[in-house]
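In: Kindly generate the corresponding structure for this input.
(2 chains)
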There are 2 protein chains.
Amino acid sequence: MSQRVKVKQILSDDKVQYDVTVKGWIRSFRNNQFIALNDGSTNNNLQIVIEPGTDAGLLKRLTTGAAISVTGEIIASLGKGQKVELKARELEVLGDCDPEKYPLQLKNRPSLEYLREIAHLRFRTNTFGAIFRVRHSLAFAVHQFFNERGFVYLHTPVITASDAEGAGEMFRVTTLDLNKPPRTESGDIDFKEDFFGRATNLTVSGQLEGELGAMAFGDIYTFGPTFRAENSNTARHLAEFWMIEPEMAFYDLEDNMNLAEAFIKYVIGYVLQHNREDLEFLAQRLAEEEKQKPQQERSEMGLLEKLEFVLNNEFMRLTYTEAIDILKNSKPNKSKKFNYLIEEWGADLQSEHERYLVEKHFKKPVILTDYPAAIKAFYMKQNEDGKTVRAMDILFPGIGEIVGGSQREENYDKLVKRMQELHLPTEELSWYLDTRRFGACPHAGFGLGFERLVLFVTGMGNIRDVIPFPRTPKSAEF
Amino acid sequence: MSQRVKVKQILSDDKVQYDVTVKGWIRSFRNNQFIALNDGSTNNNLQIVIEPGTDAGLLKRLTTGAAISVTGEIIASLGKGQKVELKARELEVLGDCDPEKYPLQLKNRPSLEYLREIAHLRFRTNTFGAIFRVRHSLAFAVHQFFNERGFVYLHTPVITASDAEGAGEMFRVTTLDLNKPPRTESGDIDFKEDFFGRATNLTVSGQLEGELGAMAFGDIYTFGPTFRAENSNTARHLAEFWMIEPEMAFYDLEDNMNLAEAFIKYVIGYVLQHNREDLEFLAQRLAEEEKQKPQQERSEMGLLEKLEFVLNNEFMRLTYTEAIDILKNSKPNKSKKFNYLIEEWGADLQSEHERYLVEKHFKKPVILTDYPAAIKAFYMKQNEDGKTVRAMDILFPGIGEIVGGSQREENYDKLVKRMQELHLPTEELSWYLDTRRFGACPHAGFGLGFERLVLFVTGMGNIRDVIPFPRTPKSAEF
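Out: Now for the predicted structure:
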């Protein structure tokens, strides 16, 4: 018996005249002779040539979606589009696929919306095959980047009793009987009876715990699921998403920006190198989608050009204050085209402003720093101006904010004072404040929403198409 | 100014006579002259020699736990235990650490139990530094192993509407007001009003979703948090833990066993190569702990020997039926020393039986296969004997079950029949059953509890010591 070999390996070798067994699923079968076989190892199919005179009963079972095992010889292909093909000697149908019932037929090319409804099958399409192989490579590149630099991967908890960070609405986690929850004498829900002996939620960020790790290991990162119970039904929001949060002792804001920029370039460079075929397919898909749009809405660059551009250009760095000046004097602000006009310093930037800066003004990724304290989180390092904090947001074309980070306030007194101003419970976060009591040091970190990165790299338009089984308001299928 | 260099690099180089800046935390300061500095990059400290005549006010601030920055020259060390040391020229205290309040003093060596209470600081000890660097390396090795073999890393959902798998008790996830939940006309909780429009829980396994991926990509794996709302207050159970679940199309049970064994050996080999110092430290710790035990309870091998042993020996493979024969005729069964005596075929194996097989009888890791269907999950492939299923459990010394897996039942009719016997809702799992309707194929997979692996590799005794912030009944600190 010959060994099973994956299609990717057969196609990347130039070898011919050897025996293999391949196993996979039929993408198409034409002229009662040519099977296009896909086994998920690559977007490309292996052409299999069936012997003339094959049993008619067997031929009938060679339908799109059927699982087969084929043994034969790899030979040079005379057809277009492939160098080699497999001349079948033995063919076995492992699992039939009824063409009357199978939703994925080549003829009626399904829409992305429809494929979301059958997300359990959409991996089997070229588009989603490419997306999730790219997602895999990005995830691996994340780990490799940090591992090479001596960062420790820290699994921060998903279930948390802390709800003090205020990064967003939280999901409650409980084993109480919702129908008849235990109550205290005063009639409140008695969370002492709950599984953890207190009220618990799903985490909105691993940062605070990450800082605890950084104060021991120097450099750590998290990469895990994160949750927002926000009723945002947009193409950019998920209730469950994966976040990467590195945290570095002895880093200031500039070190932080340097790391974030190097990190993004590394992972993009990685997929450009390792997933060329998938990206070329996705670039083609995007180009076709763009053709449906009016001329002025089409993007100037193709997907691959856009990725190369990010890789080869320095991100523009400027302060919030400088950005406000640019926006105030911008054409859309003067002609009142912005929905939210920029009138004074202190305004929170909306997506339209971020996109103007990135897509119109600078035409490259932008890092904005030193935001007003009032619109940023309590833990950010306070500048000496008494107004701004050492925050940084990285803004990407088409995506908006892809990274949010800051140098952290390491001064115990300043941090406590800020928490008190915001009515945050210092006692409940005493473990966090301990990092400022015992061997505090300048430190910084950032968070990157993994799906936003995958969106950017794949050129997809809806975040629900870059996570296997999206969780959104009123939807938790599969 | 000289560049900041990490301690690990300085100690692994043999170079001397060059300038560096180091930043880290003081582990000890003796004779008003020698600082042991740790920056988390390695368990080993860098010795820093302070110039005589250093300001007394500064000397007083050089306490255990303080964060400092030191610039000077790396020179050959005359002292024992290190090849090089840093002759300080400039020294700055970045963050003080009050010795009256800091809980981690070298003098009073804290117990593991006490360190669990201050888990936010325990990373700063040698033991937990080593444990979490090893945990990091194991996690990286997991990704590298699967990436090298072309597996796709699939992020299966944490929040799930499915509670059909029956792998364990689940946590409810909700945004309903527990105090006054909306109710239907008949008085039940109205989950239509909940965030996802239905009742949702935290996942107990990503396997079912993983199988969907395997039917497209061939080989996939998951590596994410998993939950059990079980009131198990043991040294082996967590309410939140990380699980690795590979799933492979076209694999039978033997392929599955081969992969699992290769996988475990790969990740252990990886840490033996990359974390030698951490493992040596942990081996020393374990040896000291063992000395406290009575002679007959001590393990025959040290930690490193045990890891090398697993690496260099084939796992013993036998069927459940063969194991029952061995156990029935074993000394502890005949002399009634087992708490649960093995009387007949069909008995569920307890920890004492697994340990007997692994630690006494075979003295090596064991893979048990072909368990009675009655004690295994619904999705396992049914053997032709009508009694057993193609299950496999890998049993490890000191740990018990470290891997559970099976070949899956790919026959639609057989699977549905089994689900009906167990009163599982086939309609709710129709998406899962679709894998058996459209291009089904033989496939297999397994799950490995990551913390059990970390326990084994670090030689620690309590699973709460190998995850950063353990979640257990009545405890969700930090």
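In: tell me which residues in the helix-or-strand element of chain A with minimal mean pLDDT are buried?
Out: Each helix and strand of chain A was given a mean pLDDT (mean pLDDT, DSSP states H and E); the minimum falls on helix A:351-355 at a mean of 93. For helix A:351-355, the buried set under the neighbour-count rule, 16 or more other C-beta atoms under 10 Å in any protein chain shown, comprises A:353-355. For every residue, glycine as well, the C-beta is placed using N, CA and C.
In: and A:Glu117, how far is that from A:Glu288?
Out: Distance of A:Glu117 to A:Glu288, computed by C-beta to C-beta, to the nearest Å: 22 Å.
In: If you count surrounding residues, which of the two has more?
Out: A:Glu117 (13 against 9; other C-beta atoms under 10 Å in any protein chain shown).
In: ok, now how distant is that one from B:Arg437?
Out: Taking C-beta to C-beta, one finds A:Glu117 at 17 Å from B:Arg437.
In: Output the below-cut-off pLDDT ranges for chain A.
Out: Counting by pLDDT under 70, the ranges of chain A that qualify are A:1, A:106-108, A:164-167.
In: Which residue ranges make up each domain of it?
Out: Annotated domains of chain A cover A:7-108, A:126-169+A:204-465 [automatic domain parsing].
In: I'd like those domains as CSV, with distance to B:Phe146 appended.
Out: Below are those laid out as CSV (distance: least, C-beta to C-beta, whole Å):
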stretch, distance to B:Phe146
domain A:7-108, 13
domain A:126-169+A:204-465, 9
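In: quick one, which of those domains is nearest to B:Asp19?
Out: domain A:126-169+A:204-465 (17.5 Å; C-beta to C-beta).
In: so where does the residue of chain A most remote from its centre fall, helix or strand?
Out: Most distant residue from the mean C-alpha position of chain A: A:Gly53, 49.1 Å away (C-alpha atoms, centre = their mean). Using DSSP states H and E, no element contains A:Gly53; it sits outside every helix and strand.
In: count of neighbours near A:Gly346?
Out: Close neighbours of A:Gly346, defined as other C-beta under 10 Å, add up to 12.
In: ok, the nearest residue to it once chain neighbours are set aside to A:Phe378 distance?
Out: Nearest residue to A:Gly346, sequence neighbours excluded (C-beta to C-beta, 6 or more residues apart in numbering or on different chains): A:Pro372, at 5.2 Å. Distance, A:Pro372 to A:Phe378, by C-beta to C-beta: 14 Å.
In: A:Ala444 too?
Out: With C-beta to C-beta as the criterion, A:Ala444 and A:Phe378 are 15 Å apart.
In: and what of A:Pro365?
Out: Distance of A:Pro365 to A:Phe378, given as C-beta to C-beta: 27 Å.
In: hmm, back to that, contacts for the least confident helix or strand of chain A?
Out: With contact meaning C-beta atoms under 8 Å, 6 or more residues apart in numbering or on different chains, helix A:351-355 is reached by A:323, A:327, A:332, A:338-340, A:342, A:366, A:395, A:397-398, A:400-401.
In: are any of the residues you listed buried, and which?
Out: Here, 16+ other C-beta under 10 Å leaves A:323, A:327, A:332, A:338, A:342, A:366, A:395, A:397, A:400-401 buried among the contacts of helix A:351-355.
In: Could you save these as CSV and add columns showing secondary structure and distance to chain B?
Out: Compiled in CSV, the buried ones among the contacts of helix A:351-355 are given as follows (DSSP: H, G, I helix; E, B strand; the rest coil; distance: C-beta to the nearest C-beta, whole Å):
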residue, secondary structure, distance to chain B
A:Ala323, helix, 31
A:Leu327, helix, 35
A:Pro332, helix, 36
A:Phe338, coil, 33
A:Ile342, coil, 35
A:Val366, strand, 28
A:Leu395, strand, 25
A:Pro397, coil, 25
A:Gly400, strand, 22
A:Glu401, strand, 21
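In: Run through who's touching the host helix or strand of A:Lys8.
Out: Per DSSP H and E, A:Lys8 falls inside helix A:7-12. Outside helix A:7-12, the residues that touch it by C-beta under 8 Å, 6+ apart are A:20, A:22, A:24, A:37-39, A:41-42, A:44-46, A:74, A:82-84, A:86, B:150.
In: 6 Å instead?
Out: By C-beta atoms under 6 Å, 6 or more residues apart in numbering or on different chains, the residues outside helix A:7-12 that reach it are A:39, A:41-42, A:44, A:46.
In: Convert the C-alpha atoms of stretch A:215-232 to PDB, please.
Out: This file holds the C-alpha atoms of stretch A:215-232, laid out as PDB (Å, rounded to 0.1, in the frame of the first residue of the first chain):
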ATOM      1  CA  MET A 215       6.500  42.500  37.300                       C
ATOM      2  CA  ALA A 216       8.100  39.100  37.600                       C
ATOM      3  CA  PHE A 217       9.000  37.800  34.100                       C
ATOM      4  CA  GLY A 218       9.700  41.200  32.600                       C
ATOM      5  CA  ASP A 219       7.900  40.500  29.400                       C
ATOM      6  CA  ILE A 220       4.600  38.600  29.100                       C
ATOM      7  CA  TYR A 221       1.800  38.300  26.700                       C
ATOM      8  CA  THR A 222      -1.700  37.000  26.700                       C
ATOM      9  CA  PHE A 223      -3.700  35.500  23.800                       C
ATOM     10  CA  GLY A 224      -7.100  34.400  24.800                       C
ATOM     11  CA  PRO A 225     -10.800  34.900  24.500                       C
ATOM     12  CA  THR A 226     -12.300  38.200  25.700                       C
ATOM     13  CA  PHE A 227     -16.000  39.300  26.000                       C
ATOM     14  CA  ARG A 228     -18.200  42.300  25.700                       C
ATOM     15  CA  ALA A 229     -21.900  42.100  26.400                       C
ATOM     16  CA  GLU A 230     -22.600  45.100  24.200                       C
ATOM     17  CA  ASN A 231     -25.600  45.200  22.000                       C
ATOM     18  CA  SER A 232     -23.500  46.200  18.900                       C
END
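In: Show me the strands in the stretch 201-350 of chain A, by range?
Out: In the stretch 201-350 of chain A, the strands defined using DSSP state E, counting those that start in this stretch lie at A:219-227, A:240-249, A:316-319.
In: Repeat that for the stretch 51-200 of chain A.
Out: A:67-76, A:84-95, A:152-153, A:159-160, A:172-174, A:200-202.
In: ok so, going back, who has more neighbours out of A:Pro365 and A:Phe378?
Out: A:Pro365 (24 against 18).
In: For the more buried one, grab phi and psi.
Out: Note on A:Pro365: its backbone torsions stand at phi -60, psi 140 [degrees, to the nearest 10].
In: do the same with the one 10 residues further on
Out: Recorded main-chain torsions at A:Ile375 are phi -110, psi 10, according to degrees, to the nearest 10.
In: Verify the contact between it and A:Gln350 for me.
Out: No: using C-beta atoms under 6 Å, A:Ile375 makes no contact with A:Gln350, being 11.7 Å away.
In: center of chain A, which residue is that?
Out: Note: chain A centre (C-alpha atoms, centre = their mean) maps to A:Glu451, 1.9 Å.
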